[in-house]
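A.B. asks: just the structure for this:
(one chain, ligands or ions: 2)
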Amino acid sequence: MVIMSWFSLLSKRQRYTLLGTVVMMVVIVALGLRATAAIEEPSAETFTTEMPIRQIAPEIGVTGRALARELKLDLDVPKGKPLKTLGVSEEQLQHAVEHLLSHKDTTLKYFVYVALSLFAVVFLTELGRPDGSDVKERKSWYPRAPYLLILLISVIVCGFLLGKSPNPMEGFVKVLKSAVGLYPDPAIKMLAFLFFISLVVVGNKVICGWTCPLGALQELIFSLPILRRVKRVKFRFGITNTVRALLFLVVLLLLFGIVGGRKGFVVYHYMNAFDLFNLGFDPITIPITIVVVLVVALAVYRPFCHFICPFGLVSWLAEKLSVARVNVDQEKCTKCGACVKACPSEAAKGRVERKKLPADCFSCMRCLNVCPVDAIEYGVRKRGLAKNADPAEASG
Ligand code: SF4
Ligand code: SF4
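C.D. replies: Ligands and ions are numbered 1, 2, ... in the order given. Got it, this is the predicted structure:
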């Protein structure tokens, strides 16, 4: 068993680090539970059509315009009139409020994200490779079991147990929605987005690679030992990134009303696969997106992240700043292609070839135990060492 042989090779320092990390994770989650207990969440049943938009919207953390939009009313409808005088039924109101509340962030989940990301960064930088072990023992490095366990926790806890919000994609989309007046607190939305970005910068996209529930679900599905031959065929990053960027552009044009003339229209709402975690399957485009993404993920590495997710796009740019990441030692590298073959996307290829803008790296570790000359490692990037420097930096 790889996990046993890895554990037996760990030094005393590493075992203490592992123990300390697990203790810290428990403390972080306990703090999260405490913080959450102090917050009272509103429930949809407390609102009636006797109330005006002005009274309901702040209670559920949206602007009057956002609630009006959800109720399919004109955005400039009078916000002080009882909803029933505007023709809104109790059922419509419940549906709208439930949907808006489903986007409300669960405070505890921020803490869980931090705890899981902490484990990811420590495992990647300190534990995956046992101290003093030789390259001949590389097959025992970076065992998959701890990674798969964290992915499973992400799906169950950050997904199904705590619901879809907050998640990195919404973290970004809510900033955009604030810009068109759909949220009353743009500064808080920006802070939430910066929280997610900071988890990209600390360890190369660990929030996507390890802790985003949708990313984790796709990673688990892709890890199933089936369709191995099909998996070897990789989409060109130029293609996936162009699709992702063009979709983002269309979203912006529609959101700001530059096209379509309906400010506040959010295309991602119709393809939000995170709705799976709330078992929310309305409109019909959502279950279609979920099924397509999960089926395609059997053979294609993280289709939602590569083709759709706007946070995937922005974090691909932010990962250029990441502190801990995959580093290729260009002096040692013989260009044998072992890591390129092991990588499920073009990320390793881009790093070996020192591309200026290599593909997204999800810190999945597949490349970290295959190099026969020990030229690839996960660690703090080496500033100022031209030979070892990050390819993007070296050629930029
Ligand atoms: S890119 Fe993937 S992993 Fe990252 S936020 Fe989007 S869905 Fe989640
Ligand atoms: S295999 Fe590819 S995506 Fe995974 S860590 Fe290595 S370079 Fe990144």
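A.B. asks: every contact and neighbour count from this point should use C-alpha atoms.
C.D. replies: Will do.
A.B. asks: what about stretch 345-365, start to end distance?
C.D. replies: By C-alpha to C-alpha, to the nearest Å, the extent of stretch 345-365 from end to end equals 12 Å.
A.B. asks: any buried residues in that stretch, and which?
C.D. replies: Within stretch 345-365, the residues that count as buried by 16 or more other C-alpha atoms under 10 Å are 345-352, 354-365.
A.B. asks: count of residues packed around residue 60?
C.D. replies: Residue 60 is flanked by 20 other residues according to other C-alpha atoms under 10 Å.
A.B. asks: equivalent analysis for residue 109, please.
C.D. replies: Using other C-alpha under 10 Å, residue 109 has 25 neighbouring residues.
A.B. asks: local confidence estimate at it?
C.D. replies: Per-residue confidence (pLDDT) for residue 109: 96.
A.B. asks: so which bits of this protein are right by ligand 1?
C.D. replies: 168-169, 208-209, 212, 214-215, 304-305, 309, 311-312 (C-alpha under 6 Å from any ligand atom).
A.B. asks: going by neighbour count, which of those comes out on top?
C.D. replies: That'd be residue 214 among those, by other C-alpha under 10 Å, with 31 neighbours.
A.B. asks: SS state for that residue?
C.D. replies: helix (DSSP: H, G, I helix; E, B strand; the rest coil).
A.B. asks: neighbours around the residue lying closest to it once chain neighbours are set aside, how many?
C.D. replies: In this structure, residue 214 finds its nearest non-sequential neighbour in residue 274, 6.4 Å apart by C-alpha to C-alpha, 6 or more residues apart in numbering. The number of residues packed around residue 274, counting by other C-alpha under 10 Å, is 24.
A.B. asks: can you name the residues in contact with stretch 8-28?
C.D. replies: Applying C-alpha atoms under 8 Å, 6 or more residues apart in numbering, the external contacts of stretch 8-28 come out as 111-112, 114-116, 118-119, 122, 126-127, 130-131, 133.
A.B. asks: lowest pLDDT pick from the residues you listed?
C.D. replies: residue 133 (93).
A.B. asks: distance of it from residue 229?
C.D. replies: Taken as C-alpha to C-alpha, the span from residue 133 to residue 229 is 32 Å.
A.B. asks: looking at the two, which has the bigger crowd around it?
C.D. replies: Neighbour count, other C-alpha under 10 Å: between residue 133 and residue 229, residue 133 has more, with 15 against 8.
A.B. asks: doesn't that one belong to a helix?
C.D. replies: No - Residue 133: not assigned to a helix; according to three-state DSSP it is coil.
A.B. asks: how near is it to ligand 2?
C.D. replies: Separation of residue 133 from ligand 2 (C-alpha to the nearest ligand atom, to the nearest Å): 20 Å.
A.B. asks: quick one, what contacts that residue?
C.D. replies: Counting by C-alpha under 8 Å, 6+ apart, residue 133 makes contact with residue 9.
A.B. asks: repeat for residue 339
C.D. replies: Listed by C-alpha under 8 Å, 6+ apart, the contact partners of residue 339 are 348-349, 366-368, 370-371.
A.B. asks: many thanks, I have nothing further to ask.
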